[in-house]
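Colleague: give me coordinates for this.
(one chain, ligands or ions: 1)
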Amino acid sequence: MAKFDFSQRDSFSSKIGIIAAAAGSAIGLGNIWRFPYVAGQNGGAAFLIIYLLFVIAIGIPVMLSEFTIGRRGQRNPYGAFKKLRPGQPWCLIGIMGIAAAFFVLAFYSTIAGWTLEYLYRSVSNGFSGKSPSELTEMFSDFQQGGLMPVIWQIVFMFLTAWIVYRGVRKGIEKYAKILMPIFLVLILVICIRSITLPGAGEGLNFLFKPDFSKITPNVILEALGQALFSLSIGMGTLITYGSYISKKDKLPNTAYSVAAADTFVTVLAGIAIFPAVFAFGINPAEGEALVFITLPGIFQQMAGGYFWSLFFFMLLVIAALTSTISILEVVVAFFSEELGISRKRATVVATAIITIIGIFCTLSQGPMENMKIFGQSMFSLLEYTSVNLLLPLGGFFIVIFVGWVLGKRNVKDELSNKGVLKARFINLFMVIVRVIAPVAIAIIFLNQLGLLKF
Ligand code: PFF
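Modeller: Predicted coordinates:
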């Protein structure tokens, strides 16, 4: 079998390129599509608060841990663990992450496909004059049709593969740098329109006025899963990106910027969506369809709605794309470095397998919705297992590895660029990754499983 030539490994070319790529991975459908629907089902403001707490206390430490493992290991998630602790079972965490990447991309590309349909409808002025209930019907007709969602999903996977195929610098970095800033401006404008809708106040109350009686063990687990998912952590995506970061770049600053940008966009998405949800009389617990009904509704209320909608769905597609490429990259890096197949072939094989699983996810949201596995649709099963099980489990072992196995000296070396940076936070960081983060994740898990009761 051909061996991968590690001296030829691709890398990011600049600091801004790394941030754009990592923030591009973090900011995506998780912020705009998943956060509003999960927060809508799990109590709104109370969910938001727990989510924010998790981003700070667990998310940032896990992200820094992933960067540390990646840059030190200079490999895909499996290879990095194997190189850092040869002959020990730590590389299984990498395998789990790669499995998670298959699952996540399979269901993510279903939604990404929907965004393409909505872009197409924007172009053809398909939302014009439609009431919220007509928009609801339009969405369900589209889903039930079956064929178009599958076609769009395949198109989306093709776009993803095309960028990954081009490589890290000329593909991922180049596109992320151009597209992410435009996205930020646009979502800000949409927020302003949404909060000035008549009746918007109720939506803002839902998002910002917590009712703590809504908190249950499941709400807490969902908030943890969402925090990890939104930051793209727990499955090795940022181990992979970390391995492309140069030794001169600052890992802590990168992590803070990425986490801040991602969280900012989540809050903006909440501000954009919930006022409209209430103003249009939609149930916030509507589920996966929530943003596909509310957003076109908001555009109807805007002067020049045609263009706003067009622009927004174009950028949503792009935000999704900068995330899907990061997920596919995990699998491609693994296939090419560990199996010794060329990067191009790895891209084709990985894309084909994921698309096939993905098609079942898409159909399970439409014509095959009655086919249940463990009482759930294929889509919900993959979404729940990867986000609420595999990512927290991955996050748990990643911090344990950095806290207890890698050695404080090595960690400090990586976070301070061999002493060039001060890294005064290192003691606090070690306490978090050794004790606070793993204990918190373990408690949430055991509590949800009913093995621990408060
Ligand atoms: N963080 C992405 C989003 O919020 O859309 C989704 C994601 C990307 C999750 C990469 C996990 C991952 F490894």
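Colleague: show residues contacting stretch 394-406.
Modeller: 58, 61-62, 65-66, 68-69, 72, 81, 84-85, 90, 93, 96-97, 100, 228, 233-236, 239, 411, 430, 432-435, 437-438, 441-442, 445 (Cβ atoms under 8 Å, 6 or more residues apart in numbering). Backbone N, C-alpha and C define where each C-beta goes, glycine included.
Colleague: for it, buried residues please.
Modeller: Residues of stretch 394-406 classed as buried: 394-403, 406 (neighbour count, 16 or more other Cβ atoms under 10 Å).
Colleague: can you list those in JSON lines and add pLDDT, distance to residue 18 and secondary structure?
Modeller: Below are the buried residues of stretch 394-406 laid out as JSON lines (pLDDT from 0 to 100; distance: Cβ to Cβ, whole Å; DSSP: H, G, I helix; E, B strand; the rest coil):
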{"residue": "394", "pLDDT": "97", "distance to residue 18": "22", "secondary structure": "helix"}
{"residue": "395", "pLDDT": "97", "distance to residue 18": "21", "secondary structure": "helix"}
{"residue": "396", "pLDDT": "97", "distance to residue 18": "26", "secondary structure": "helix"}
{"residue": "397", "pLDDT": "98", "distance to residue 18": "25", "secondary structure": "helix"}
{"residue": "398", "pLDDT": "98", "distance to residue 18": "19", "secondary structure": "helix"}
{"residue": "399", "pLDDT": "98", "distance to residue 18": "22", "secondary structure": "helix"}
{"residue": "400", "pLDDT": "98", "distance to residue 18": "26", "secondary structure": "helix"}
{"residue": "401", "pLDDT": "98", "distance to residue 18": "22", "secondary structure": "helix"}
{"residue": "402", "pLDDT": "98", "distance to residue 18": "20", "secondary structure": "helix"}
{"residue": "403", "pLDDT": "98", "distance to residue 18": "24", "secondary structure": "helix"}
{"residue": "406", "pLDDT": "97", "distance to residue 18": "21", "secondary structure": "coil"}
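Colleague: need the residues you listed in a markdown table with distance to residue 297, can you?
Modeller: Output for the buried residues of stretch 394-406, formatted as a markdown table (distance: Cβ to Cβ, whole Å):
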| residue | distance to residue 297 |
| --- | --- |
| 394 | 37 |
| 395 | 36 |
| 396 | 40 |
| 397 | 43 |
| 398 | 40 |
| 399 | 41 |
| 400 | 45 |
| 401 | 46 |
| 402 | 45 |
| 403 | 47 |
| 406 | 49 |
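Colleague: out of the residues you listed, who's near the ligand?
Modeller: Taking Cβ under 6 Å from any ligand atom as the test, the ligand is in contact with none of these.
Colleague: ok, the residue nearest to residue 30 when sequence neighbours are not counted to residue 35 distance?
Modeller: What sits nearest to residue 30 in space, not counting adjacent residues and going by Cβ to Cβ, 6 or more residues apart in numbering, is residue 230, at 4.3 Å. Distance from residue 230 to residue 35, counting by Cβ to Cβ, to the nearest Å: 7 Å.
Colleague: which residues do the two both contact?
Modeller: residue 266.
Colleague: looking at the stretch 301-450 of the chain, which residue is nearest the ligand?
Modeller: residue 323 (4.2 Å; Cβ to the nearest ligand atom).
Colleague: let me see the contact set for that residue.
Modeller: 24-30, 108, 232.
Colleague: so of those residues, which ones are in helices?
Modeller: 24-26, 29, 108 (DSSP state H).
Colleague: stretch 52-67: which residues count as buried?
Modeller: 52-55, 58-67.
Colleague: C-alpha coordinates for that stretch, CSV please?
Modeller: Provided in CSV are the C-alpha atoms of stretch 52-67 (Å, rounded to 0.1, in the frame of the first residue of the first chain):
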residue,chain,number,x,y,z
LEU,A,52,-23.6,29.9,27.0
LEU,A,53,-22.2,28.5,30.2
PHE,A,54,-21.1,25.4,28.4
VAL,A,55,-19.5,27.3,25.6
ILE,A,56,-17.2,29.0,28.2
ALA,A,57,-16.6,26.3,30.7
ILE,A,58,-16.4,23.3,28.4
GLY,A,59,-16.4,24.4,24.8
ILE,A,60,-13.4,26.6,24.8
PRO,A,61,-11.2,24.2,26.8
VAL,A,62,-12.2,21.3,24.5
MET,A,63,-11.5,23.5,21.4
LEU,A,64,-8.0,24.4,22.8
SER,A,65,-7.4,20.7,23.6
GLU,A,66,-8.3,19.7,20.0
PHE,A,67,-5.9,22.4,18.6
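Colleague: what does that stretch contact?
Modeller: Contacts to stretch 52-67, defined as Cβ under 8 Å, 6+ apart, come from residues 223-224, 227-228, 230-231, 233-234, 236-239, 241-242, 245, 251-252, 254-256, 258-259, 262-263, 395, 398-399, 401-402, 414-415, 429, 432-433, 436-437, 440-441.
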